[in-house]
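Peer 1: Could you look at this predicted model? Sequence included:
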Amino acid sequence: MTHKDFFYLGVITKPFGFKGQLFVYLDTDRPESYQNLDAVFIDLDGELIPYMIESFQLRNGNQAVISFQDLDADEAKDLIKCELYLPLNMLPPLSGNQFYFHEVIGFHVVDAHHGDIGIISDFIDLSQQPIMQINLNNTEILIPAVDEFIKKLDRENKIMYIEAPDGLIDIYLGK
């Protein structure tokens, strides 16, 4: 198993109490979708190691308190700042114009004014907003991946229909 088979769920932020429990930040819009997990994979020096969950309690917002089976307080402290991962097949299905970044890599992007502007090659996940990297004949086009620009997602034909702001695509095409 490699990291490409997993998705980032969150990070262990600090200890909670004195019995080996840990605060976790869940990097998701729906933290409640993960409250019944049996296990997570923790990145230890680049290797994903499974840890069985003893208890999982959601807190405010995206915070949770987790305790792992057979883990004492000293061992738990060693996990602070470690990232949590789950297999891709555990992602809740999305519909409509909602998507996971990995799901649309390779999709054609069709703009309302410019037509087919290339294929999604990757995403730059900035805190302000994610950016789609689109490849058009070895020219990179960067478009914010925000709801207001994405008009329709056609999963069957692997096409994302967008309406980019006037002039944005022209910058890349030299028009």
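Peer 2: Nice, thanks for sending it over.

Peer 1: Show the contacting residues for Leu79.
Peer 2: Leu79 sits next to Ile12, Leu22, Ile42, Leu71 when contact means C-beta atoms under 8 Å, 6 or more residues apart in numbering. The C-beta positions use only the backbone N, C-alpha and C, and glycine is treated the same way.

Peer 1: Quick one: neighbours of the first one, just the number.
Peer 2: As a burial measure, the neighbour count of Ile12 was computed by other C-beta atoms under 10 Å and equals 22.

Peer 1: what are the ranges of the strands in the chain?
Peer 2: In chain order, the chain shows strands spanning 6-16, 21-26, 39-44, 47-58, 63-68, 83-87, 108-111, 115-125, 130-136, 139-144, 150-154, 159-162, with DSSP state E as the criterion.

Peer 1: one step back: pick the one among the contacts of Leu79 closest to Lys158.
Peer 2: When the contacts of Leu79 are ranked by distance to Lys158 (C-beta to C-beta), Ile42 comes first, at 33.5 Å.

Peer 1: To His102, which of the strands of the chain lies closest?
Peer 2: Judging those by C-beta to C-beta, what sits closest to His102 is strand 6-16, at 7.4 Å.

Peer 1: Could you measure from Gly174 over to Leu136?
Peer 2: Taking C-beta to C-beta, to the nearest Å as the measure, Gly174 and Leu136 are separated by 12 Å.

Peer 1: So which of the two has more stuff around it?
Peer 2: Neighbours of Gly174 and Leu136, each counted by other C-beta under 10 Å, are more numerous for Leu136; the result is 17 against 6.

Peer 1: list the contacts for the closest residue to the more buried one other than its chain neighbours?
Peer 2: With sequence-adjacent residues excluded and distances taken as C-beta to C-beta, 6 or more residues apart in numbering, Leu136 is closest to Gly118, at 3.3 Å. Neighbour list for Gly118: His108, Val109, Ile134, Asn135, Leu136, Asn137, Thr139, Ile141 [criterion: C-beta under 8 Å, 6+ apart].
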